[in-house]
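Participant: coords below, sequence missing:
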């Protein structure tokens, strides 16, 4: 999981540094990262519980779960990372 989180952080940093964005795009990319981060954390009960990312009943539910460490789960995380990478390119592309 740490490798996955580290990979996500590196992708996020690379996208943030990959070029100057006009000020009008800042809200668009910020919204993308807010939405993607929430989706990423929601897909990892271990991360959601340790980071206490959510609140209330949703957070309580994550604290009762354990992320499955299966090949299928890892493949789903890779697919989500790829989807996020593609979406981030669209979010930073000129409108």
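Facilitator: It's in. Given the structure is predicted, the values throughout are model-derived calculations rather than measurements.
Participant: rest of the way, CA atoms for contacts and neighbours
Facilitator: Will do.
Participant: skip ahead from the one helix or strand in the chain whose mean pLDDT sits lowest and say which helix or strand is next.
Facilitator: Across the helices and strands of the chain, mean pLDDT, DSSP states H and E gives its lowest value to helix 2-17, namely a mean of 58. Toward the C-terminus, helix 2-17 is succeeded by helix 26-42 as the next helix or strand (DSSP states H and E).
Participant: from the contact counts, what lies against that next one?
Facilitator: helix 45-51, helix 71-92 (3 or more C-alpha pairs under 8 Å, 6 or more residues apart in numbering; DSSP states H and E).
Participant: tell me the most buried of the ones you listed?
Facilitator: Of those, the one with the most neighbours on average (mean count of other C-alpha atoms under 10 Å) is helix 45-51, at a mean of 18.
Participant: what does that helix rub up against?
Facilitator: Outside helix 45-51, the residues that touch it by C-alpha atoms under 8 Å, 6 or more residues apart in numbering are 41, 42, 54, 59, 62, 63, 65, 66, 67.
Participant: show me the shaky parts of the chain.
Facilitator: 1-25, 92-95 (pLDDT under 70).
Participant: can we see that at 90?
Facilitator: Residues of the chain meeting the criterion pLDDT under 90: 1-31, 69, 87-95.
Participant: do you know which of the helices and strands packed on helix 26-42 lies nearest residue 28?
Facilitator: The minimum distance between residue 28 and these falls on helix 71-92, with 6.4 Å, by C-alpha to C-alpha.
Participant: so which elements touch that closest one?
Facilitator: With contacts taken as 3+ C-alpha pairs under 8 Å, 6+ apart, helix 71-92 sits against helix 2-17, helix 26-42.
Participant: list the contacts of the last one.
Facilitator: This points to helix 26-42. Residues outside helix 26-42 that contact it (C-alpha under 8 Å, 6+ apart) are 47, 48, 53, 80, 84, 87, 88, 91, 92.
Participant: give the contact list for residue 44.
Facilitator: residue 67.
Participant: likewise the one 10 residues further on?
Facilitator: The neighbours of residue 54, taking C-alpha under 8 Å, 6+ apart as the test, are residue 48.
Participant: assign it to helix, strand or coil.
Facilitator: On the three-state scheme (DSSP: H, G, I helix; E, B strand; the rest coil), residue 54 is labelled coil.
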